[in-house]
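In: My questions are about this predicted structure, shown below with the sequence.
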Amino acid sequence: MEKYEKLEKVGEGTYGKVYKAKDKATGQLVALKKTRLEMDEEGVPPTALREVSLLQLLSQSLYVVRLLSVEHVDSPSKRKAAAPAEAGGAGAGGGGDQGQGGPAAAAGGKPMLYLVFEYLDTDLKKFIDSHRKGPSPRPVPPALVQNFLYQLLKGVAHCHSHGVLHRDLKPQNLLVDKEKGILKIADLGLGRAFTVPLKSYTHEVVTLWYRAPEVLLGSSHYSIGVDMWSVGCIFAEMVRRQALFPGDSEFQQLLHIFRLLGTPTEKQWPGVTALRDWHVFPQWEPQNLARAVPSLGPDGVDLLSKMLIYDPAERISAKAALDHPFFDSLDKSQF
Ligand code: AMP
């Protein structure tokens, strides 16, 4: 880690803090991210290796944040010996830097893996916020919504074609290069490949706003539809500059969805009433989706409605969405 000059904290990841840093040799800005992948006495466990390889493969897409390298961090005792200046200051006590999430905080003294990503200057949440509030509130230009959505779908299609679900797509983990107008998927959680049990992720603390109804209803067999639902919510949010379904509990999240799209029926979504967390819900009729996204034209509303289809098997795929007429006016040669 001595290769990098740590600059500032830029965000909270799922497994720890994310730091902006500079590669001392090249001057390149990078994002350093601690992983939960611990090393044991025998080195990097095979599961970790597999996950990192997958991440490397996925990050070959222009629309997925690039993984530049993977660094081992020695145990804190070794680090302190190497960098005594860092050991001073508050919180003396042996190993007392544990839990602070910085590179010196290798949990339990075990060597940890850090992922080094290319650095992008903002994320889609901050980007949308800057259009909603601040000195110059203004809509996100429709051509940019179209362009960002296309890039997002490219990235999602790439992940899905390699059998990987993201499962936590949200504006916070879509990174944006404002100058170049590029959007890239980040936070492809390690261990989220199809082959990994789904259970360990269900209790993860995450925003619920982008969560698909089948996940909220306790389905254990979800697939690419979960990401497409999130893409739909993100699409609507770029247009509205406000979340489409801002629920603050799983139950409220479902009610937000049902109030707009109508309470789902067996006819629309075969098997829905047999899902683990299905109850008798208030009965709502579907509202006109176009009214939730007033500035979006008919092609956009049609595409959005296909991303927000209740039956996950009927929901549009990323690959099919890329061919939707909403993108007819987009110059695709740039991708
Ligand atoms: P994540 O867990 O990947 O969603 O990271 C949490 C936050 O850290 C994001 O919302 C970003 O603001 C920031 N972040 C993550 N990765 C990067 C990166 N490669 N470049 C710049 N900021 C990042």
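Out: Good, I have the coordinates.
In: so is F117 in a helix, a strand, or just coil?
Out: With DSSP: H, G, I helix; E, B strand; the rest coil as the basis, F117 sits in strand.
In: Skip the chain neighbours and tell me the closest residue to it.
Out: Using Cβ to Cβ, 6 or more residues apart in numbering and skipping the chain neighbours, the partner closest in space to F117 is A31 (4.5 Å). All C-beta atoms are positioned from the backbone trio N, CA, C, and that covers glycine.
In: what number of residues lie near the one you found?
Out: Number of residues near A31 (other Cβ atoms under 10 Å) recorded here: 21.
In: Just to be sure, it is in a helix?
Out: No - membership of A31 in a helix is not supported by three-state DSSP, which gives strand.
In: That one and Y119 touch, don't they?
Out: Yes - counting by Cβ atoms under 8 Å, Y119 is a contact partner of A31 at 4.9 Å.
In: For these two, list the residues in contact with both.
Out: Counting by Cβ atoms under 8 Å, 6 or more residues apart in numbering, the contacts common to A31 and Y119 are K20.
In: The stretch 151-300 of the chain: strands as residue ranges?
Out: For the stretch 151-300 of the chain, the strands defined by DSSP state E, counting those that start in this stretch cover 174-177, 182-185.
In: And the helices in the stretch 201-335 of the chain?
Out: Remark: helices assigned in the stretch 201-335 of the chain by DSSP state H, counting those that start in this stretch are 213-216, 225-240, 250-261, 298-307, 318-322.
In: now do the stretch 51-200 of the chain
Out: 76-82, 84-87, 124-132, 142-161, 199-202.
In: and the stretch 101-250 of the chain, which residues reach the ligand?
Out: Residues of the stretch 101-250 of the chain lying near the ligand by Cβ under 6 Å from any ligand atom: F117, E118, Y119, L120, D123, Q172, N173, L175, A186, D187.
In: Around the first one, how many other residues sit close by?
Out: Right, the one you point to is F117. Neighbour count for F117, taken as other Cβ under 10 Å: 22.
In: do the same with the fourth one
Out: Neighbourhood size, L120 [other Cβ under 10 Å]: 21.
In: can you check the one 3 residues further on too?
Out: By the measure other Cβ under 10 Å, the count of residues near D123 is 22.
In: just for the protein, where's the confidence low?
Out: The chain contains residues with pLDDT under 70 at 13-16, 36-39, 75-110, 189-206.
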